[in-house]
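**Q** compute the structure for the input listed below.
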Amino acid sequence: MAERLKDIFFTEESVRRMGDAIYRAWESFDMEGFVVSVFDDDFEALELKARMRHTTQCAHRFLPQDYREALEILKKAAPGIKGFEVMSLPDYVELYGLNDWEASLPALRFFTRYASGEFAVRPFIVQDPVRAMEWMTALADDEDHHVRRLASEGCRPRLPWAMALPGFQKEPSLILPILEKLKSDESETVRRSVANNLNDISKDHPDVVLDLCEKWSGASPEIDQIVKHACRTLLKAGHTRAMRLFGYGDPAQIQVEDPALDEPHITIGDHVRVSFKLNVQEDSDCDIRLEFAVHYLKANGKHSAKVFQIIEKTFAPGIHSFNRKLSFANMTTRKHYPGPHPIAIIVNGQEKARVTLELKPTS
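**A** So this is what the prediction gives:
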């Protein structure tokens, strides 16, 4: 089993390194007191983000209570703090600096070169969206690609692990000028952030994203990659306008025949092979996106679908045979439960056939 992130970071050794970096920046820092306070009786039960927040709060106890003085110490310490522990620096700004924008925003720009401020900037956006986004738009012109990425990543409406931005889920117009600025960025990391931001927006405003993607499409290979990645949720959902943007064929002219399982009953931990024939009835070659949607049975007796791509390519008219393996081994991210598991075959966003696998418990 893969080692958990919370067991890799915030170890006694790594927290001590963090404390040492702060001590070297400010000799009045009680490093031993800091380390002892981090590893209190409740520490072991905390998850990763909670450990980060707890470490931030412990550092605050031993730093000067003047916020700006503490920031200067943490800036000096930043180059010596490695690993996830460095996320406590922008977290310090989020937790203690919301009432001092003049000091906090430059500190976030500074710290994001060591640990992204994408989580920490969000309370500032919620407090004053217009003011915060004016600052974020200026970051999009920064010479440092880490800072430019913060401009896009920090305002994602649905950033994983982060505070949601419901105002931007409702109305994303303040985000779009930043994405326009960064769509041709020289950094692939920044461009990927642009695509992820657009994908977030597409979940609430698909036509806003498609308007933009249709305008950008064909501008350059790099921008085309952004467009494709930005539309991934729409493509998985079979959104007609998104399908047409990428030239996928009409699913009405494509049929799935003879869907079958090599074994209708398997045990948790085993795999099954799904076979079928694709009958392309178009008059000429067409682009096709083939996917499985596996409807996993959950502990509560309900099903939850997860989509897996099979292939995406140009097909000639005629019959094409497929045979693909699906594993039902337990993973850290997915536990399997005995019972029926429908498997749908999706062509260009439209379900065309379905077979049902019966999953048996291990003996």
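
**Q** so how far is Asp200 from the most centrally placed residue in the chain?
**A** Geometric centre of the chain, nearest residue: Pro160, 5.3 Å, by CA atoms, centre = their mean. Per CB to CB, to the nearest Å, Pro160 is found 10 Å from Asp200. Yep, even glycine has a C-beta here, placed from its N, CA and C like the rest.

**Q** in stretch 283-297, what counts as buried?
**A** If you call a residue buried by 16 or more other CB atoms under 10 Å, then stretch 283-297 has these buried ones: 286, 288-297.

**Q** out of these, which sit inside strands?
**A** If you go by DSSP state E, the buried residues of stretch 283-297 have 286, 288-297 in strands.

**Q** quick one on the thing from earlier: which of the buried residues of stretch 283-297 sit farthest apart?
**A** Farthest apart among those by CB to CB are Cys286 and Leu297. That separation is 34.9 Å.

**Q** that older thread, return the closest of the ones in strands among the buried residues of stretch 283-297 with respect to Arg17.
**A** So of these, ranked by how close each gets to Arg17 (CB to CB), first place is Tyr296, at 41.0 Å.

**Q** spatially nearest residue to that closest one (excluding sequence neighbours)?
**A** Excluding the flanking residues, the one nearest Tyr296 by CB to CB, 6 or more residues apart in numbering is Ser304, at 5.4 Å.

**Q** just checking, what packs against the host helix or strand of that neighbour?
**A** According to DSSP states H and E, Ser304 maps onto strand 303-315. Identification of packing neighbours for strand 303-315 by 3 or more CB pairs under 8 Å, 6 or more residues apart in numbering; DSSP states H and E yields strand 286-297, strand 318-327, strand 339-347.

**Q** got these as TSV, with mean pLDDT columns?
**A** Conversion of the helices and strands packed on strand 303-315 to TSV gives the following (pLDDT from 0 to 100):
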stretch	mean pLDDT
strand 286-297	94
strand 318-327	96
strand 339-347	96
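
**Q** for Gln253, find the nearest of the ones you listed.
**A** Among the helices and strands packed on strand 303-315, strand 286-297 comes nearest to Gln253, with 7.7 Å by CB to CB.

**Q** between the buried residues of stretch 283-297, which is nearest Pro90?
**A** For the buried residues of stretch 283-297, the closest approach to Pro90 (CB to CB) belongs to Tyr296, at 35.9 Å.

**Q** do you know how far the closest one is from Tyr337?
**A** According to CB to CB, Tyr296 and Tyr337 sit 8 Å apart.

**Q** cool, and Gly218?
**A** According to CB to CB, Gly218 and Tyr337 sit 46 Å apart.

**Q** quick one: the strands in the protein?
**A** For the chain, applying DSSP E gives strands covering 254-261, 265-267, 271-280, 286-297, 303-315, 318-327, 339-347, 350-360.

**Q** in the first one, which residues are buried?
**A** Right, strand 254-261. So strand 254-261, judged by 16+ other CB under 10 Å, has buried residues 254, 256, 259, 261.

**Q** cool, the third one as well?
**A** For strand 271-280, burial by neighbour count (16+ other CB under 10 Å) applies to 272, 274, 276, 278-280.

**Q** now pLDDT and distance to Asp91 too, for the residues you listed, in a markdown table please.
**A** A markdown table is the format used below for those (pLDDT from 0 to 100; distance: CB to CB, whole Å):
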| residue | pLDDT | distance to Asp91 |
| --- | --- | --- |
| Val272 | 96 | 45 |
| Val274 | 97 | 45 |
| Phe276 | 97 | 50 |
| Leu278 | 96 | 50 |
| Asn279 | 96 | 55 |
| Val280 | 95 | 53 |
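
**Q** alright, I will stop here.
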